[in-house]
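**Student:** got a predicted structure here, sequence first:
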Amino acid sequence: MPHFTLADLDLYFIIASISSMTSSSVLMTEFRQLPAQRLHRAILEDDIQTIKWLVDTKKIDDVCNKGMDDNGWTSLMLAARYGRHDIAAYLMELGHDDEAISIDAMGNTVPMISAKYKHEDICLRYLQRHPKTISNVNCDGSSAINWAAQNGLDRVIDWILDHGGNVNQRDIEGNTPLHHAASWNQSSTVNLLLERDAQPGLKNHKGYTAIEYAYSSSMDKHIRETVIRLQFKKQHKQSVSSTLSTARSRTSADSQSPLSSSKQLGSISTDQFR
């Protein structure tokens, strides 16, 4: 068995005492925090149980809690930044942003923040609840679709465009979503934007098109090939549509011709008496 001297025991008790005091101090500090501080911290730590306790016990007057964050972010913006999916959903269920949309000093909204930090589900959930925010732009002229294009959030882009969003939405530098997707090497997003009628020939304020802004030569090639493929597809569709329209016109004209009607009537009569 190890042999302990009196000095060793004294040192042990000193360390244990300090450890106990430190733990008590941390615990006391946590309890001394204001409810608003505890809410802010709970979001950062993804602690939804503490948030629900603060709400259920009415410790929090305003769940938006805007004054606690250095960026001027509300609770929902903070949850969107760090991808706290369950917390974001819970806050929305509580009616967060139902009375007033969360906007920081730079004009950023929850969809912009969640798209910027690649939290697609939070972005979609918010847009579905507050569809009018698709048109919001921040001080840099960016909107949710620009960030979504940069980060390849195709479901967000599809939803925005299905609900009246601008596929050629420009930011302060004149860059469209296609510029962002091309420069960040988002191949599937480039396809989606072009299929939704993004204009590859649009130039930003420096005079560059999305092709010239491409991440690499392979992306440059990909855009060119996709544009050609879609143009061919569109022309083929128009050709087929024109052919069908001509055929219908001829059929309609034939059906209105007396000779045609006579032939049809004669044929019917013959068939009936065979």
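**Tutor:** Sure thing, it's come through. Numbers count the residues shown, from 1 in each chain.

**Student:** residues contacting residue 169?
**Tutor:** When contacts are counted by C-beta atoms under 8 Å, 6 or more residues apart in numbering, residue 169 is found next to 137, 143, 145-146, 176-177. C-beta coordinates here come from the backbone N, C-alpha and C atoms, glycine included.

**Student:** helix, strand or coil: sort out it for me.
**Tutor:** On the three-state scheme (DSSP: H, G, I helix; E, B strand; the rest coil), residue 169 is labelled coil.

**Student:** what about the stretch 1-150 of the chain, any weak spots by pLDDT?
**Tutor:** Under the criterion of pLDDT under 70, the regions of the stretch 1-150 of the chain flagged as low confidence span 1-32.

**Student:** just the helices in it please.
**Tutor:** Remark: helices of the stretch 1-150 of the chain, listed N- to C-terminal, are 6-32, 35-44, 48-56, 75-82, 85-93, 110-116, 120-129, 144-151; assignment by DSSP state H, counting those that start in this stretch.

**Student:** circling back: quick check, nearest of the contacts of residue 169 to residue 120?
**Tutor:** Using C-beta to C-beta, residue 145 is the member of those that lies nearest residue 120, at 12.8 Å.

**Student:** restrict stretch 82-99 to CA atoms and write it as CSV.
**Tutor:** What follows is stretch 82-99, C-alpha atoms only, in CSV (Å, rounded to 0.1, in the frame of the first residue of the first chain):
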residue,chain,number,x,y,z
TYR,A,82,-25.6,27.7,-34.7
GLY,A,83,-28.0,25.3,-36.3
ARG,A,84,-30.1,24.6,-33.1
HIS,A,85,-32.9,22.9,-35.1
ASP,A,86,-35.1,21.8,-32.2
ILE,A,87,-34.7,25.2,-30.4
ALA,A,88,-35.5,27.1,-33.6
ALA,A,89,-38.6,25.0,-34.2
TYR,A,90,-39.7,25.5,-30.6
LEU,A,91,-39.2,29.3,-30.7
MET,A,92,-41.3,29.5,-33.9
GLU,A,93,-44.0,27.5,-32.3
LEU,A,94,-44.0,30.0,-29.4
GLY,A,95,-44.7,32.8,-32.0
HIS,A,96,-41.2,34.2,-32.2
ASP,A,97,-41.2,36.7,-35.2
ASP,A,98,-45.0,36.5,-35.6
GLU,A,99,-45.4,40.1,-34.5
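
**Student:** can you give me the buried ones in that stretch?
**Tutor:** The neighbour-count check on stretch 82-99 (16 or more other C-beta atoms under 10 Å) flags 82-85, 87-92, 94, 96-97 as buried.

**Student:** which ones are touching residue 155?
**Tutor:** For residue 155, the contact set (C-beta under 8 Å, 6+ apart) comprises 120, 124.

**Student:** and the buried residues of stretch 82-99 as a markdown table, adding distance to residue 119?
**Tutor:** Supplementary listing: these in a markdown table, determined by distance: C-beta to C-beta, whole Å:
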| residue | distance to residue 119 |
| --- | --- |
| 82 | 8 |
| 83 | 4 |
| 84 | 9 |
| 85 | 7 |
| 87 | 12 |
| 88 | 8 |
| 89 | 12 |
| 90 | 15 |
| 91 | 14 |
| 92 | 13 |
| 94 | 19 |
| 96 | 16 |
| 97 | 16 |
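
**Student:** looking at these, which is nearest residue 226?
**Tutor:** Distances from residue 226 to the buried residues of stretch 82-99, taken as C-beta to C-beta, are shortest for residue 83 (31.2 Å).

**Student:** so that closest one touches residue 116, yeah?
**Tutor:** No. The pair residue 83 / residue 116 is not scored as a contact, 11.5 Å apart, by C-beta atoms under 8 Å.
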